[in-house]
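In: Sharing a sequence plus its predicted fold:
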Amino acid sequence: MSPGPSLLDEGGPLRFMASMVRSLALFLPCVLALACGGGDDRRTLPDESGDLDVGGSRTGHLEGTRPAGPDLDRTYWSFVEATCTEGEPHHIDESFRRTVDISADDQGLLMTYDQSIGDDCRETIVQRARPGAETDQEWQMREDARVHVGECPTDPEADRPGDVRRRGEFLEIYVQRSNWCNGLEVKMVYSPAQRAEPTGEELIRRYAAHFQRQDATRITRLFAAEGSLVDPYTRTPTDQAMRYDGQAAIYGWFQETFANTPWLAMRVMEIEEGPAPGAFTMNWQYMDPRLDNPFAARNLFTIAGGAIFETSIEITDTEVEVEEPPAAAAEATPPPADPEAAEPEAPADPEAGAE
């Protein structure tokens with residue numbers, strides 16, 4: 001049986017209305033252009049024709065810049081300004097603070113951001129930036145982990161194209177379809193900065209972020225050379241909690257943990273400073289989807305001189321009632337391990353402790 005006549009058939013009323021709408025859509029911009037004198041330099045409506053191209057509607061962002069690359073290894077930067085293809089970026093005002101710590105490897109760049117928004121949001125974000133196959137091709141930007149303390153208005157970014165450029169002494173990082181700009185491109189500009197000693201909370205947020213990434217190398221670099229990890233659930237022959245002293249032993253513990261537990265998701269609930277100098281507690285939940293309910297745990301930290309001297313792990317509740325796992329924990333899969341994580345021994349470079 002052939003279908004009956006459609007309202008959009010030739011001469012139908014809806015086809016006539018659709019035709020009128022299309023005509024108006026073509027006609028109105030011409031009227032506006034004439035009213036303003038014509039020409040792209042006088043247009044009154046934003047040009048969104050190239051919003052899906054890196055750098056805005058043209059490749060003009062390349063002018064006066066040079067490609068970024070391995071020369072950014074072990075560099076440290078401070079936020080200067082942000083702009084959107086159109087409009088103003090969200091949540092960025094005089095209170096906004098952000099630094100980025102960059103390391104390079106054969107996959108591209110790993111960027112660790114520490115940022116604060118207002119009085120009650122502190123975040124650490126780890127982003128992987130992979131260059132294109134050829135110079136000046138777009139990069140691929142992937143958010144590996146995000147750990148926040150307080151009430152934060154920001155959301156995780158999905159995988160997106162972008163670019164990383166040098167302009168004079170400045171660093172420009174572009175991300176397409178960004179949450180900062182209502183789904184349009186954001187450009188963030190940074191100036192070189194002297195590496196700051198991380199605070200205790202920053203170290204702990206990085207610890208949690210690299211734990212989620214299953215990156216034993218970068219967790220180990222957060223510890224002092226003589227640092228220790230105490231695992232009370234592994235006992236010595238004399239029934240004492242097992243201690244792993246020194247970076248090599250700590251690295252081995254994390255390597256074994258990540259190899260034996262294929263799904264890890266640490267949801268940080270709070271970070272509290274203790275009464276003694278350098279004492280911190282991180283309360284967290286283990287959000288493995290194979291569990292009916294997550295369990296609660298905490299790390300006790302001793303921190304001094306911008307490094308972790310000791311941490312011990314304690315399970316505080318074997319079953320925590322929650323309405324539903326956070327979307328990021330329920331849906332995300334661990335990113336591929338960095339090649340550095342497969343190294344046979346822990347790096348012992350104390351200058352890398354802030355990564």
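Out: Here it is on my side, so go on.
In: which SS state does the residue lying closest to Ala208 once chain neighbours are set aside fall under?
Out: In space, and not counting its chain neighbours, Ala208 is closest to Val147: 4.6 Å by CB to CB, 6 or more residues apart in numbering. Glycine gets a C-beta too; all of them are placed from N, C-alpha and C. Three-state call for Val147 (DSSP: H, G, I helix; E, B strand; the rest coil): strand.
In: can you pull out the helices in the protein?
Out: Secondary structure of the chain by DSSP state H: the helices cover 13-35, 200-213, 216-220, 247-260, 327-331.
In: hang on, the earlier thing: hey, what's the residue nearest to Ala208 bridged with?
Out: Thr124 (DSSP bridges).
In: roughly how far apart are it and Asp114?
Out: Separation of Val147 from Asp114 (CB to CB, to the nearest Å) stands at 10 Å.
In: Between these two, which contacts overlap?
Out: Listed as contacting both Val147 and Asp114 by CB atoms under 8 Å, 6 or more residues apart in numbering are Glu123, Thr124, Arg205.
In: per-residue confidence for the residue lying closest to Arg130 once chain neighbours are set aside?
Out: Distance criterion CB to CB, 6+ apart; nearest residue to Arg130, sequence neighbours excluded, is Gly108 at 4.1 Å. Gly108 is assigned a predicted lDDT (pLDDT) of 96.
In: so where is the stretch 201-350 of the chain shaky, pLDDT-wise?
Out: 262-264, 319-350 (pLDDT under 70).
In: Looks like Gly64 contacts Arg167 (just checking).
Out: Yes: look at Gly64 against Arg167 with CB atoms under 8 Å: they come within range, at 5.9 Å.
In: what's stretch 206-213 in contact with?
Out: With CB under 8 Å, 6+ apart, stretch 206-213 has contacts from 112, 124-126, 144-147, 198, 218-219, 222, 264-266, 268, 282, 284, 299, 308, 311, 334-335, 355.
In: Nearest the geometric middle of this protein, what residue?
Out: With distances taken as CA atoms, centre = their mean, the chain has Ile125 as the residue nearest its mean C-alpha position (3.6 Å).
In: show me what contacts the residue nearest to it when sequence neighbours are not counted?
Out: Once flanking residues are discounted, Ile125 sits nearest to Tyr113: 4.4 Å by CB to CB, 6+ apart. Shown in contact with Tyr113 (CB under 8 Å, 6+ apart): Arg98, Thr99, Val100, Asp101, Glu123, Thr124, Ile125, Val126, Gln127.
In: and what of Thr238?
Out: With CB under 8 Å, 6+ apart, Thr238 has no contacts at all.
In: what are the phi and psi values for it?
Out: The phi and psi values for Thr238, taken as degrees, to the nearest 10, are phi -100, psi 20.
In: and it, how far is that from Arg130?
Out: Applying CB to CB to Thr238 and Arg130 gives a distance of 49 Å.
In: Mind pulling up the pLDDT for Arg15?
Out: Arg15 is given a pLDDT of 43.
In: Hmm, Leu203 and the residue nearest to Ala208 touching each other?
Out: No: contact between Val147 and Leu203 fails when scored by CB under 8 Å: they sit 11.5 Å apart.
In: Tell me, how many residues neighbour the closest residue to Arg165 other than its chain neighbours?
Out: Spatial nearest neighbour of Arg165, excluding adjacent residues (CB to CB, 6+ apart): Thr65 at 4.1 Å. Per other CB atoms under 10 Å, the neighbour tally for Thr65 reads 18.
In: same check, this time on Trp180
Out: 21.
In: Let me know the distance separating it from Gly306.
Out: Counting by CB to CB - Trp180 and Gly306 are separated by 29 Å.
In: same deal with Val80?
Out: 24 Å.
In: Which one's more surrounded, those two?
Out: The neighbour count for Val80 versus Gly306, taken as other CB under 10 Å, is higher for Gly306 (18 against 13).
In: Verify the stated contact: that one with Leu203.
Out: Yes: judged on CB under 8 Å, Gly306 makes contact with Leu203 at a distance of 7.2 Å.
In: what do these two both touch?
Out: Contacts common to Gly306 and Leu203, judged by CB under 8 Å, 6+ apart, are absent.
In: if we can go back for a sec, looking at Val147 and Asp114, which one has more neighbours?
Out: Val147 (24 against 21).
In: From Leu62, how far out is that one?
Out: 34 Å.
In: quick one: Pro277 from Thr302, how far?
Out: Counting by CB to CB - Pro277 and Thr302 are separated by 9 Å.
In: Likewise for Thr83?
Out: 42 Å.
In: before we move on, what about Asp120?
Out: 26 Å.
In: just checking, Arg205 touches Ile125?
Out: No: the criterion here is CB under 8 Å, and Arg205 misses it with Ile125 at 9.5 Å.
In: Switch the shared contacts of Val147 and Asp114 over to a markdown table; also include neighbour count.
Out: As requested, the shared contacts of Val147 and Asp114 are exported to a markdown table (neighbours: other CB atoms under 10 Å):
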| residue | neighbour count |
| --- | --- |
| Glu123 | 19 |
| Thr124 | 26 |
| Arg205 | 26 |
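In: of the residues you listed, closest to Gln176?
Out: Glu123 (20.9 Å; CB to CB).
In: count of neighbours near the nearest residue to that closest one once chain neighbours are set aside?
Out: Leaving out its chain neighbours, the residue that sits closest to Glu123 by CB to CB, 6+ apart is His148, at 4.4 Å. Neighbourhood size, His148 [other CB under 10 Å]: 16.
In: can you pull the contacts of His148?
Out: Cys121, Arg122, Glu123, Thr124, Thr154, Arg205, Val268.
In: Alright, calling it a day.
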